[in-house]
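> any chance you could fold what I've pasted below:
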Amino acid sequence: MGSGRPCLGAGIYRPPFLDVKEARGPRECPGSPLWNRLDAASLAARRPSGYTSSNPFSSPIPEDFRPMIELLGFISYLIDLYVYVVLASVVLSWLMAFGVVNPYNPFVRSLAQVFGAVTEPILRPIRSSLPDLGGIDISPLILLLGCFFVQSVVLPNLAKLFV
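Numbering: from 1, shown residues only. As a prediction, this is how the structure comes out:
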């Protein structure tokens, strides 16, 4: 998924667009081996040119744009969540079609209705614009490609406008 790398020594995922200023080398996080070897002079040398702050541990993102970057991060997490919902909907529809799960089970039926209510408003226009492929429905694949495009191209370019 692009350059979104977790911190060394931490299990935290950061969306790719938050790594705009960190194009080279691993990110240093508290608790990582690289963090202990850094001092204030080496951190100051890593800051972008034109950045003036007396705190070497402060972020290069200006305070005015921090809410927008956080909003873009939230949108990225929502897209991740929606990708999982689409994948679960596809798997559940396959399990129902092949008779692995009983579609007359109330829990399975309610789960299918929830997934349908969440995914169908976006999948319906994609299905109407695709040609008839018989029994093959590739609209979830196109939706997933669109989600990945937004995460890897649109959000990072929006973040570059604010960094």
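> secondary structure element for residue 77?
helix 66-97 (DSSP states H and E).
> how near is residue 123 to residue 79?
15 Å (C-beta to C-beta, to the nearest Å). C-beta coordinates here come from the backbone N, C-alpha and C atoms, glycine included.
> how about residue 86?
From residue 86 over to residue 79 (counting by C-beta to C-beta), the distance is 10 Å.
> could the C-alpha coordinates of the helix or strand following the helix holding residue 77 be exported in CSV?
Using DSSP H and E, the helix or strand that directly follows helix 66-97 along the chain is helix 106-129. Output of helix 106-129 as CSV, limited to C-alpha atoms (Å, rounded to 0.1, in the frame of the first residue of the first chain):
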residue,chain,number,x,y,z
PRO,A,106,-32.1,-15.3,10.7
PHE,A,107,-28.5,-14.3,11.7
VAL,A,108,-27.1,-15.0,8.2
ARG,A,109,-30.0,-13.2,6.6
SER,A,110,-29.7,-10.1,8.8
LEU,A,111,-25.9,-10.1,8.2
ALA,A,112,-26.5,-10.2,4.4
GLN,A,113,-29.0,-7.4,4.7
VAL,A,114,-26.6,-5.2,6.6
PHE,A,115,-23.8,-5.9,4.1
GLY,A,116,-26.2,-5.2,1.3
ALA,A,117,-27.4,-2.0,2.8
VAL,A,118,-23.8,-0.8,3.2
THR,A,119,-22.4,-1.9,-0.2
GLU,A,120,-25.3,-1.9,-2.7
PRO,A,121,-25.6,2.0,-2.9
ILE,A,122,-22.1,2.1,-4.3
LEU,A,123,-22.1,-1.2,-6.2
ARG,A,124,-25.4,-0.6,-8.0
PRO,A,125,-24.1,2.3,-10.3
ILE,A,126,-21.0,0.3,-11.0
ARG,A,127,-23.1,-2.7,-12.0
SER,A,128,-25.3,-0.6,-14.3
SER,A,129,-22.3,0.8,-16.1
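> list the helices and strands helix 106-129 packs on?
Judged by 3 or more C-beta pairs under 8 Å, 6 or more residues apart in numbering; DSSP states H and E, helix 106-129 is in contact with helix 66-97, helix 139-149.
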